[in-house]
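Participant: need coordinates for the below:
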Amino acid sequence: MASIMIKKAGEGLVSQAHRNADLGPTSGSSVVYEIQNVPGDVTVDDVIAAFKTFKPADKVYEIDWSALAK
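Facilitator: Numbering: from 1, shown residues only. Here you go, the predicted structure:
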């Protein structure tokens, strides 16, 4: 299982973030999330596509893949 860091920009763009990025809001309007327990056969693009339809709870920046894969 892997962890994938993603960044959601204020205007809605979701992209991969640097693996050493700090979780939470950035100095701009973006927010960095860590998607945990991602199976090896799931690509970054799969994670981004699933996250685009997911509404994270306020101030929760670590999300388990199982919550996105529903």
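
Participant: alpha carbons only for contacts and neighbour counts from here, please
Facilitator: OK.

Participant: the nearest residue to V31 once chain neighbours are set aside and E34: what is the separation?
Facilitator: The shortest distance from V31 to any non-neighbouring residue, by C-alpha to C-alpha, 6 or more residues apart in numbering, is to P25 (4.2 Å). Computed with C-alpha to C-alpha, to the nearest Å, the distance linking P25 and E34 is 12 Å.

Participant: quick check, I35 in a helix?
Facilitator: No. I35: not assigned to a helix; according to DSSP: H, G, I helix; E, B strand; the rest coil it is strand.

Participant: show me what it is bridged to.
Facilitator: Beta bridges link I35 to I4, I63, judged by DSSP bridges.

Participant: neighbours of it, how many?
Facilitator: I35: 22 surrounding residues under other C-alpha atoms under 10 Å.

Participant: so it sits right up against M5, yeah?
Facilitator: Yes. The criterion here is C-alpha atoms under 8 Å, and I35 meets it with M5 at 6.2 Å.

Participant: and the pLDDT at the residue nearest to V31?
Facilitator: pLDDT for P25: 95.

Participant: ok, it - how many residues close by?
Facilitator: For P25, using other C-alpha under 10 Å, the count is 16.
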